[in-house]
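>>> turn this into a structure:
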Amino acid sequence: MAEQQKIRVAVVFGGRSSEHEISCVTAGSVLSVIDTDRYEVVPVGITRSGNWVLTSGDPEQLAITDGALPSVTGSGAELALPFSGGSDFLVVRPETAPQALGGVDVVLPLLHGPFGEDGTIQGLFEMIEARYAGAGVFASAASMDKVFMKALLAGHGIRIGGYVAVPDRAWQRERKRVLDDIADLGGAVFVKPARAGSSVGITKVADCTDTDAVTAAVESARDHDPKVIVEAAIEGREVECGVLESEDGGAPDVSLPAEVHVAAGFDFYDFEAKYLSTSGLTIPADLPAEVIERIRALAGQTFEAMGCEGLARVDFFYGDDGEVYVNEINTMPGFTPTSAFPQMWAATGLDYAALVDRLIRTALHRGPGLR
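Sure thing, here's the model as predicted:
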């Protein structure tokens, strides 16, 4: 009896965004548990400058070591993609003509932030007719852009907090009007890059009428993205919930929620608090049963409203006023074993290895090209 051919999975990680290192950590975690009896892994790294390389699949090289974050160095054979259709990567070496690496059955894009989670690489995969895990082009782009995300959620009647969009043109030409709009939010605000994640570039301003502090915070966020969003702080508890695309075409599956506890010494859940501290989670969140069910229902509604596929993490505030607010949705959430998304699913009954396997299987069920 002939041996069954393994499914080829291209695990793509790194990328050009400020979340390059976190993507590498995610990839290392996935590579440590992926079922190599069923899947042949093709590890593809993207350097900060955008070069694609066939890189090491050794998880230890993609781990945080003594506080140092990993990255794609660029060593390894360069890769090119075929633009005539078909997911047959090409190996490019200076001394020879391009050689076909061989087709892949599915791509697992473990990329965070711009040029990875924002619809750009998803459009590339659709152009070359490659199956890929996660949300499609529009859902990825709209979910990544917090301004459009909030507008879409509000249009579906989903409760969100107050915010002010600060696009580049408005900041350059109408700064006083923008600052006045921000002052109208009242109280503390969070100033964020509109299209970044992993809490990169975020500043909390205690008083939104402090124009000097707000201006400095906007300029800091603009180091990461020319488009900025300013959100009114919501007093309450921070809760997260995981969502997975259904395997039978039905409503999405939703995990038990987690409550975020920020480590002492941090004012909010910023990058260091999230990845380099003792900040923790309570799973399931210690909330009334009715609130938990409301959060889970809203997580599924948010996933559907944004047109997501594959996976997402929905972040909430359970306000001191008793209301539940959707803060944002992440179409490629942190995915290490200690990240909230896998932990929530483990508590719900789906362990890390099974979670990785499910993402691959649901991606294989979808056809290539437009969705």
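
>>> which helix in the chain runs the most residues?
As assigned by DSSP state H, the longest helix anywhere in the chain is helix 289-305.

>>> which helices and strands does that helix pack with?
helix 146-155, strand 236-244, strand 253-254, strand 311-319, strand 324-330 (3 or more Cβ pairs under 8 Å, 6 or more residues apart in numbering; DSSP states H and E). In this view, the C-beta of every residue, glycine as well, is placed from N, C-alpha and C.

>>> can you give me the buried ones in it?
By neighbour count on 16 or more other Cβ atoms under 10 Å, the buried set for helix 289-305 is 291, 292, 294, 295, 296, 298, 299, 300, 301, 302, 303, 305.

>>> quick one, it and strand 236-244 angle?
Here the directions of helix 289-305 and strand 236-244 differ by 50 degrees (axes from the mean of the first three to the mean of the last three Cα atoms, to 10 degrees).

>>> and stretch 34-46, which residues are buried?
For stretch 34-46, by 16+ other Cβ under 10 Å, it's 34, 39, 41, 42, 43, 44, 45, 46.

>>> how much space between the first one and residue 25?
It stands for residue 34. 15 Å (Cβ to Cβ, to the nearest Å).

>>> now do the fifth one
According to Cβ to Cβ, residue 43 stands 14 Å off from residue 25.

>>> pull the helix or strand with minimum mean pLDDT from this protein.
Lowest mean confidence among the helices and strands of the chain (mean pLDDT, DSSP states H and E): helix 271-275, at a mean of 50.

>>> and for residue 70, the neighbour number?
Neighbourhood size, residue 70 [other Cβ atoms under 10 Å]: 21.

>>> so, low pLDDT: which residues of the stretch 51-200 of the chain?
Filtered on pLDDT under 70, the stretch 51-200 of the chain yields the residue ranges 81-102, 197-199.

>>> hmm, 90 instead?
Across the stretch 51-200 of the chain, the ranges flagged by pLDDT under 90 are 51-70, 73-104, 112-114, 124-130, 195-200.

>>> quick one: the strands in it, in order.
With strands called from DSSP state E, counting those that start in this stretch, the stretch 51-200 of the chain shows them at 52-54, 78-80, 88-92, 99-103, 106-109, 163-166, 189-193.

>>> list the buried residues of the second one.
Residues 78, 79 are the ones in strand 78-80 that count as buried (16+ other Cβ under 10 Å).

>>> with adjacent residues omitted, what lies nearest to the spatially most central residue of the chain?
Nearest residue to the geometric centre of the chain (Cα atoms, centre = their mean): residue 332, 3.1 Å. Spatial nearest neighbour of residue 332, chain neighbours left out: residue 117 (4.7 Å); criterion: Cβ to Cβ, 6 or more residues apart in numbering.

>>> quick check: the one you found touching residue 334?
No - using Cβ atoms under 8 Å, residue 117 is not in contact with residue 334; the gap is 11.5 Å.

>>> three-state assignment of residue 5?
coil (DSSP: H, G, I helix; E, B strand; the rest coil).

>>> what about it, distance to residue 306?
For residue 5, the distance to residue 306 - Cβ to Cβ - is 36 Å.

>>> neighbour count for these two, which is higher?
A direct count of neighbours by other Cβ under 10 Å for residue 5 and residue 306 places residue 306 higher, at 24 against 8.

>>> next up, phi/psi of the more buried one, please.
Main-chain dihedrals, residue 306, degrees, to the nearest 10: phi -90, psi 0.

>>> also the one 4 residues further on?
As for residue 310, its main-chain torsions (degrees, to the nearest 10) stand at phi 80, psi -80.

>>> likewise residue 259?
Main-chain dihedrals, residue 259, degrees, to the nearest 10: phi -100, psi 140.

>>> mind checking the SS state of the closest residue to it other than its chain neighbours?
Excluding the flanking residues, the one nearest residue 259 by Cβ to Cβ, 6+ apart is residue 285, at 3.8 Å. Secondary structure, three-state DSSP: residue 285 is coil.
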